[in-house]
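K.L.:
Fold the following and give me the result.
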Amino acid sequence: MDWPLSWEGTLVLALFALAYVLFALREERKTLVAGVLGAAAIGISLVGGLIPLSGAGACEIFGYHPPGSPWSVCSVSGFVEWDTLGLLVGLFILAAVLSQLEFFRYLAIRLAKSSRGRPLPLFLTLSLLSFALSAFINSITVMVVLAALTLELARELKLDPIPYLLAEISCSNVGGAATFVGDPPNVILGTYFHLTFVEFLVYAGPLALGALVVTVLLFGLRYRSEFRAERAGSIHQRENLAPPPALDRTRVSLALGVFALTLGLLAFNTFLPPSVGEIGLIGGALGLLVAGRSMAWKVVRAVDWEVLLFFLFLFLLVGGLEATGVIRLMASGIADVGGGNALLTASLLLWTLGLLSSVVDNVPLAAAAAPLILTLHQTQGLPVQSLVYATAVGTDVGGNGTPIGASANVVGLAIARRAGVKISWSRYLREAFPIMVASLAAANLVLFFYH
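P.N.:
A predicted model of the protein is given here:
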């Protein structure tokens, strides 16, 4: 049997596989790895004549042509998803403003106080708060706030923080699956297919809710004996919670107003001229105005610019796969297994990408899946929506399987480790991986009835 790929495709596929290995082994160098290998992938495509050495080639790589926007630079969109980057910049800025104003910490402490520090209500409060915030705020920001708060509450209340942290991490990734802006894979897929905020919420939301119910229920059952034992502790300790921070109510109200405006513009994006990325940048600019001169520089420094650069390089690496025909070949293989059945193909994407997301970062998976879904749509006539939402939920929920499956996992565990709370790989896999599999099954069941 002949090898189905050209020499260009073989080399770029090898670079992509190498990138995955290095992402796992050298997490701290992933941006450099993506930059070097992304440039190499584009270089191979140029040398092979798959991308022309001209202005048209530059547009094929870097072109900016969002639908409805008057700011198009090229007549076609290139490999780099500028809408994704623009939206993420705006969301990062707004999240940093609210974090600097201590809104997240205030909200979490108020909810924790309402539970009076009792283990089970506190577990439910923090888990559901993690889900709700992560549906609208980047999960990295959510875990930075909730992990630090959980460790502080656990010290004051003499509780084991590990059950709460593991549940928060899992619920954060599940919450990120529910909306357009919840997690980077959703932003990548949503902007690639020009989906609206409302569409994403209506179709992906039920799948995420199904996964949430199973996640919270199974974690609660897993730790019920610990919660029962901790409940027998001192009532005084459980009620001795730190007071919530005093808020600058004017600026918090303005920041929340800007955030609501941004979400509103995203919800009605199909009827408005700005693109998704431009809406994100508008929201970010207004957020900096709310922050004011005294806080603006802290907000800018709090934005994870390295993550944005990583995404840029990653789009180039995936662009190499697209230019050399690798994506088209992968789509053909999935189409053969799916047999043209939309539900079967969507389920296949959910499980395949979900399990892969347990061992590799879900961002490159989503970036590679976007052109793959488009090819399936064009060649098999399969509906984009069912494939996109299954992929988004699979990559987000599947990230719960291992400590490196998603950014929320890495951040939450790192904060715990710095506080002296170490969660081993074996414990994480033993307790979180089976729940992740059950959550994917719940999402697949909802997909079956909701399809």
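K.L.:
Can you tell me the closest non-neighbouring residue to Ile137?
P.N.:
In space, Ile137 comes closest to Ala95 once its chain neighbours are excluded; the distance is 5.0 Å by CB to CB, 6 or more residues apart in numbering. All C-beta spots, glycine's among them, are computed from the backbone N, C-alpha and C.
K.L.:
how close does the residue nearest the centre of the chain get to Leu217?
P.N.:
Nearest residue to the geometric centre of the chain (CA atoms, centre = their mean): Asp183, 2.4 Å. When CB to CB, to the nearest Å is the yardstick, Asp183 and Leu217 sit 22 Å from each other.
K.L.:
Can you tell me the element the residue nearest to Ile137 falls in?
P.N.:
For Ala95, the enclosing helix or strand under DSSP states H and E is helix 82-100.
K.L.:
How about Leu149?
P.N.:
Counting by DSSP H and E, the element that carries Leu149 is helix 139-157.
K.L.:
Return the set of buried residues in that helix.
P.N.:
139-154, 157 (16 or more other CB atoms under 10 Å).
K.L.:
Report the angle between that helix and helix 82-100.
P.N.:
Our comparison of helix 139-157 with helix 82-100, counting by axes from the mean of the first three to the mean of the last three CA atoms, to 10 degrees, yields an angle of 20 degrees.
K.L.:
low-confidence ranges in the stretch 351-451 of the chain?
P.N.:
By pLDDT under 70, the low-scoring segments of the stretch 351-451 of the chain are 359-361, 450-451.
K.L.:
Now do the helices in it.
P.N.:
Taking DSSP state H, counting those that start in this stretch as the criterion, the stretch 351-451 of the chain contains helices spanning 362-380, 384-398, 407-418, 425-450.
K.L.:
Any chance of these in a markdown table with distance to Gly43 as columns?
P.N.:
Below are the helices of the stretch 351-451 of the chain laid out as a markdown table (distance: least, CB to CB, whole Å):
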| stretch | distance to Gly43 |
| --- | --- |
| helix 362-380 | 19 |
| helix 384-398 | 28 |
| helix 407-418 | 29 |
| helix 425-450 | 37 |
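K.L.:
and the helix or strand harbouring Arg105, how far out from the chain's middle?
P.N.:
Using DSSP H and E, Arg105 sits within helix 103-114. Put simply, helix 103-114 sits 24 Å off its chain's centre (CA atoms, centre = their mean, to the nearest Å).
K.L.:
which parts of it are buried?
P.N.:
Quick answer for helix 103-114 (16+ other CB under 10 Å): Phe103, Phe104, Arg105, Tyr106, Leu107, Ala108, Ile109, Leu111, Ala112, Lys113.
K.L.:
Check stretch 347-362 too.
P.N.:
By 16+ other CB under 10 Å, the buried positions in stretch 347-362 come out as 347-354, 356-358, 360-362.
K.L.:
Could you identify the most distant pair in these?
P.N.:
The distance between the two most remote of the buried residues of stretch 347-362 (CB to CB) is 22.7 Å, for Ser347 and Asp361.
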